[in-house]
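*Asks:* Return atomic coordinates for the entry below.
(chains A and B)
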Amino acid sequence: MSEEVAFEPKIVYFMCSWCGTGGAETAAAHHMHYPENITPSRVNCTGALPAVHILRPLIEGADGVVISGCHPGDCHYDDGNFRARRRVALVKSLLDTLGLEAERVWFRYVAHGEGRRFVDTAAEFNDHIKKLGPNPLKTRSDT
Amino acid sequence: MNDKGAVLTAEDGVKDALIGWLKETLKNGVFDAILIPVETPGGDSFAYLLLQDPAILDSASPLPPVMPVQGGKALGRLTMRGRLNRQIAAVVRPCEARAAIELCKLEQANLENVCLITIDCPGVLPLSEYLDDPETSAVRHAGASSAWDRSPMRPTCQICDHFSIRQAPGSDLHIGTLGCEEGTAIMVAGSAKGERVLERTNPPTLEKEEESYSLNGLLEEWAAQVEEMERAQTKTRQRAHADLREAISGTDRLLDLFKDCINCHNCQRVCPVCYCRQCYFESDALKLPPENYLARANRKGALRFSPDTLLFHIGRASHMATSCVSCGACEDACPMDIPIAQVFSLLADRAQETLGYVAGMSLEDPLPLVTFEMDELHDVEQPYVKIYAKQEVQDA
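*Replies:* Residues are numbered from 1 along each chain as shown, chains lettered A, B, ... in the order given. Next up is the predicted model:
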């Protein structure tokens, strides 16, 4: 078995308390499956997710970070997802400028009822990261 | 930019004319105090003084050869707890005024009773270079300043394209020296506050606009010169940034850049816009139980101590890249000569461009992370185009 096939990415999935986790709940109610190497992590609102919490896993061992919040206009706090979009844009800009593969960060809206979309996002991101290969930072001891 | 202004004439140089004018303002009660860089008694260093005694102004140095303390930081320290109850003037460089404006927007400074006076800035020397030999450095700086030669200045000053305030009406009163004849400078009011100050001070060295037909010509000449130099500087900046990005981008080169970092956090401490009273990177959030470090060492094969160096630098960039004014204070403070200010100016320029913002331009435009547009940044949203799963799972 070659190394690429054996590579199982470590992925952190940040989802908001309202729509993101709701999507996961719907998926569970419908017995849908998503890859087991994905670590879900609930935040109250994606707008409350600090940029550092996206950077920290990327530097310390994750291969990718995916963030899901409510669709525009659906945010429980009215505009948290718009603020999250700005913050993700900032993080992606920093990573891109430093040549650290901004495509390891994904931001996609998932509504409470969209269990299929949640599962698809997890599977699609997993395959996307598998194609990208391991995050070079995760094996560096001098970070 | 407001067209209201005055001509400042001085046979003994712009510095003396400005100091003479400031003395008048203190005597007339226009200002109750002035925050200005002053030569220390030893004569080989400079410090910001909040002075009320006009006699101390004699040793003031509006454009010292170095920037040991960022003026924005000084203003933040002065007004962090609320507005001043008297009017003061702060004589600062354009980058320091921009930092003060950013701090004001972050509610860490209050500029309500502060009149920001900025001057066309030729740049400053690296602090360490100056400290090695203050005397010859001062002479070199004076020569380079009058010729507008930025080559001996700090790398961040060499690529600075905000050395004047032609585009930034942030400062209340700006003193333009570029393109003016020897012994002449123009004072331009950038705000109603600056206009009021100009109206209240009428020393013989100042000619009012209506009395002086030459002011308009001078203003145009100055603006044209500034625009030309700004355009040239922007080109230099873009070229330098492209080279820098080439040199540092990618995991190997980036970690090589920070290999000398000793985690002193000086860059954070001197940064004018790094205002948090408790820094995340010095908080308990990054002081973890030993088993965490063992687990990380196990995963990576080894773990450098102190850990989280890269997280500190990129994380700090995520905190302040939107407010960075490229003043270069961090690089002056770095004991290991890491070109951190150049890296941050690159990160900041690109981040601010992404979010459609330029730091420190005015008090009005909101900070980019506290505002948003409904219809923007769609390239960040990952499109969902198809049912991805290869196999539809029967809904329960």
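*Asks:* quick one: the closest residue to residue B:12 other than its chain neighbours from chain A, how far?
*Replies:* Nearest residue to residue B:12 in three dimensions, chain neighbours excluded: residue B:183, at 7.8 Å (C-beta to C-beta, 6 or more residues apart in numbering or on different chains). The C-beta positions use only the backbone N, C-alpha and C, and glycine is treated the same way. The spacing between residue B:183 and chain A, counted by C-beta to the nearest C-beta, to the nearest Å, is 45 Å.
*Asks:* Give me the pLDDT for residue B:183.
*Replies:* Residue B:183 is assigned 74 on the pLDDT scale.
*Asks:* neighbours around it, how many?
*Replies:* Neighbour count for residue B:183, taken as other C-beta atoms under 10 Å in any protein chain shown: 14.
*Asks:* swap in residue B:235?
*Replies:* For residue B:235, the count of nearby residues is 12 (other C-beta under 10 Å).
*Asks:* cool, residue B:32 as well?
*Replies:* Neighbour tally, residue B:32, other C-beta under 10 Å: 15.
*Asks:* pLDDT wise, what is it at?
*Replies:* Looking at residue B:32, its pLDDT is 94.
*Asks:* wait, what's in contact with the nearest residue to it once chain neighbours are set aside?
*Replies:* Residue nearest to residue B:32 in three dimensions, not counting chain neighbours: residue B:86, with 3.8 Å by C-beta to C-beta, 6+ apart. Residues in contact with residue B:86 (C-beta atoms under 8 Å, 6 or more residues apart in numbering or on different chains) are B:32, B:33, B:113.
*Asks:* Show me where chain B dips below the pLDDT cut-off.
*Replies:* B:1-4, B:10-11, B:166-169, B:202-215, B:386-396 (pLDDT under 70).
*Asks:* all strands of it, in order?
*Replies:* In chain B, the strands defined using DSSP state E lie at B:5-9, B:33-39, B:46-51, B:88-92, B:114-119, B:173-176, B:184-189, B:206-207.
*Asks:* Kindly reformat those strands as a markdown table containing mean neighbour count.
*Replies:* Below are these laid out as a markdown table (neighbours: other C-beta atoms under 10 Å in any protein chain shown):
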| stretch | mean neighbour count |
| --- | --- |
| strand B:5-9 | 22 |
| strand B:33-39 | 22 |
| strand B:46-51 | 19 |
| strand B:88-92 | 25 |
| strand B:114-119 | 26 |
| strand B:173-176 | 26 |
| strand B:184-189 | 23 |
| strand B:206-207 | 18 |
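*Asks:* Looking at chain B, what residue ends up closest to chain A?
*Replies:* residue B:249 (2.9 Å; C-beta to the nearest C-beta).
*Asks:* isn't that residue right up against residue A:95?
*Replies:* No. Here residue B:249 does not reach residue A:95: they are 10.2 Å apart, not a contact under C-beta atoms under 8 Å.
*Asks:* Give the residue from these two that has the larger number of neighbours.
*Replies:* More neighbours surround residue A:95 than the other of residue B:249 and residue A:95, with 20 against 17 (other C-beta under 10 Å).
*Asks:* Nearest spatial neighbour of residue 69, chain-adjacent residues omitted?
*Replies:* No chain specified, so I'll use chain A. Closest residue to residue A:69 apart from its sequence neighbours, by C-beta to C-beta, 6+ apart: residue A:46 at 3.4 Å.
*Asks:* ah, no, chain B please
*Replies:* Leaving out its chain neighbours, the residue that sits closest to residue B:69 by C-beta to C-beta, 6+ apart is residue B:48, at 5.6 Å.
*Asks:* Just say helix, strand or coil for the spatially most central residue of chain A.
*Replies:* Against the mean C-alpha coordinate of chain A, by C-alpha atoms, centre = their mean, the closest residue is residue A:66 at 0.9 Å. When classified by DSSP: H, G, I helix; E, B strand; the rest coil, residue A:66 comes out as strand.
*Asks:* In the sheet, which residues pair with it? Tell me.
*Replies:* residue A:13, residue A:106 (DSSP bridges).
*Asks:* Report pLDDT for it.
*Replies:* The model reports residue A:66 with a pLDDT of 96.
*Asks:* again, but for residue A:79
*Replies:* 92.
*Asks:* Distance-wise, check it relative to chain B.
*Replies:* Distance, residue A:79 to chain B, by C-beta to the nearest C-beta: 6 Å.
*Asks:* Adding distance to residue B:271, write the strands of chain B out as TSV.
*Replies:* Shown next, in TSV, are the strands of chain B (distance: least, C-beta to C-beta, whole Å):
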stretch	distance to residue B:271
strand B:5-9	33
strand B:33-39	19
strand B:46-51	16
strand B:88-92	16
strand B:114-119	19
strand B:173-176	24
strand B:184-189	29
strand B:206-207	37
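*Asks:* so which of those comes closest to residue B:256?
*Replies:* Of all these, strand B:46-51 sits nearest to residue B:256, with 34.8 Å by C-beta to C-beta.
*Asks:* quick one, what contacts the residue of chain B closest to chain A?
*Replies:* A:97, A:98, A:99.
*Asks:* excluding its backbone neighbours, what's nearest the last one?
*Replies:* What sits nearest to residue A:99 in space, not counting adjacent residues and going by C-beta to C-beta, 6+ apart, is residue B:249, at 2.9 Å.
*Asks:* Spell out the residue ranges of the strands in chain A.
*Replies:* Secondary structure of chain A by DSSP E: the strands cover A:11-16, A:38-43, A:64-68, A:105-107.
*Asks:* Quick one: list the elements packing against the last one.
*Replies:* So the one you mean is strand A:105-107. strand A:64-68, helix A:80-97, helix A:115-132 (3 or more C-beta pairs under 8 Å, 6 or more residues apart in numbering or on different chains; DSSP states H and E).
*Asks:* I'd like to check what contacts it. Which residues are they?
*Replies:* Contact partners of strand A:105-107, identified using C-beta under 8 Å, 6+ apart, comprise A:54, A:58, A:64-68, A:84-85, A:88, A:91-92, A:95, A:121, A:125, A:128, B:380-382.
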